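Engineer: coordinates only, sequence not included:
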Ligand SMILES: Cc1ncc(COP(=O)(O)O)c(C=O)c1O
């Protein structure tokens, strides 16, 4: 009988799903990784027009339509003062595919990829699927990734290190100094920095900067997406940008696995990126307000929680048995260990819900805390 590849056998379905299944149907779900806002109307309209006009029936160029890649390059010029050639952009099926093709193109069998711990679940799984070895790097107490820890963990076998800011599951935002350091490490050690920037616009404090702004070599690859910024998770539209040589290698994987990103989504994404940005500002303001409600609530309960400066997650330290008690009270949160061994003793709370719901969930958390203390 045909068996299964050793690579796929190393990967299991994300622990997050198990938590959803454990919760009842009426549960308040603070486990979701997507904004609870509609996709901006002008993005939907652009897809409708493309479909009605017959523009979305055929394959696009493998890298995506030229006009979408120009809109992505324009975004980087506007937000980060980066000069990106639209030829060095591949539109992908979400940030997920961008991470996948980046790791496939750069990681050899047995090579190491340094990943934040706790960190987004895909880094570990996609590294394994590429035949590589994930090497978790524990975060600082404030849940940011320490460039010195990354530098100390590099070996001759390191193919890449992943930086994710603002981060899932922590909501942490790396400082500009850290980003400068990550760029220096990529330059000096001649190793790829894979910068996952899918939450780049959801920042409340500080300033968002990409390591790509500081690198002097071509060793930074940047992953972005419309998913979180424009509440377009269902559209599956992301991208990766890097040097010509790197893009050319990633395109080999993308071409055979995907051919091109879905054409209607490409039109929607182009409109989202180049149209009015007020929907993003409104969403970020709403997230900030909710974050404050959540942080106040957690402080009242007596749970320590580093202040998340971006994304829509908070990661408090929680007592033993807390997550189960909270889930038993009808609120879904994800145990920190779903994101790596160093996540043990924490829980991820997504606040992509309205304030009333959040307050109700905080009551359940209060009761759960009293029950386990
Ligand atoms: C840090 C991070 N990177 C990438 C992704 C993938 O996003 P997409 O929906 O665009 O594939 C996610 C989704 O949760 C994420 O949290």
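Structural biologist: Cool, got the structure. Because the structure is predicted, anything quoted here is derived from the model rather than measured. Numbers count the residues shown, from 1 in each chain.
Engineer: break the chain down into its structural domains.
Structural biologist: 7-39+278-372, 41-274 (automatic domain parsing).
Engineer: okay, buried residues for the helix or strand bottoming out on mean pLDDT in the chain please.
Structural biologist: Lowest mean confidence among the helices and strands of the chain (mean pLDDT, DSSP states H and E): helix 15-22, at a mean of 73. For helix 15-22, burial by neighbour count (16 or more other Cβ atoms under 10 Å) applies to 16, 19. Every C-beta, even on glycine, is put in place using the N, C-alpha and C of the backbone.
Engineer: and after it, which helix or strand comes next?
Structural biologist: strand 28-29 (DSSP states H and E).
Engineer: tell me the mean pLDDT for that next one?
Structural biologist: The average of the pLDDT scores along strand 28-29 is 94.
Engineer: quick one: average confidence on the helix or strand just after it?
Structural biologist: Sequence order places helix 41-52 as the next helix or strand after strand 28-29, per DSSP H and E. Taken as a whole, helix 41-52 has a mean pLDDT of 98.
Engineer: now swap in stretch 101-119 and tell me
Structural biologist: 98.
Engineer: one more: stretch 131-142?
Structural biologist: pLDDT averaged over stretch 131-142 gives 98.
Engineer: distance across that stretch, terminal residue to terminal residue?
Structural biologist: 32 Å (Cα to Cα, to the nearest Å).
Engineer: buried sites along it?
Structural biologist: 131, 132, 133, 134, 135, 136, 137, 139.
Engineer: let me see the contact set for the second one.
Structural biologist: To tie it back to what came earlier, the one meant is residue 132. Counting by Cβ atoms under 8 Å, 6 or more residues apart in numbering, residue 132 makes contact with 103, 107, 108, 109, 110, 111, 112, 113, 159.
Engineer: comparing the domains of the chain, which comes out most buried?
Structural biologist: Among the domains of the chain, domain 41-274 has the highest mean neighbour count (mean count of other Cβ atoms under 10 Å), at a mean of 20.
Engineer: does the ligand sit close to it?
Structural biologist: Yes - judged by Cβ under 6 Å from any ligand atom, domain 41-274 comes into contact with the ligand through 94, 95, 96, 120, 164, 168, 196, 198, 225, 227, 233, 238.
Engineer: helix, strand, or coil at the second one?
Structural biologist: Translated: residue 95. Under DSSP: H, G, I helix; E, B strand; the rest coil, the three-state class of residue 95 is helix.
Engineer: now for the residue in the stretch 1-150 of the chain that the ligand sits nearest to: which residues touch it?
Structural biologist: Distance from the ligand to each residue of the stretch 1-150 of the chain (Cβ to the nearest ligand atom) is smallest for residue 94, at 2.7 Å. Counting by Cβ under 8 Å, 6+ apart, residue 94 makes contact with 225, 227, 233, 236, 237, 238.
Engineer: one more: residue 330?
Structural biologist: Residue 330 neighbours (Cβ under 8 Å, 6+ apart): 23, 24, 26, 27, 28, 364.
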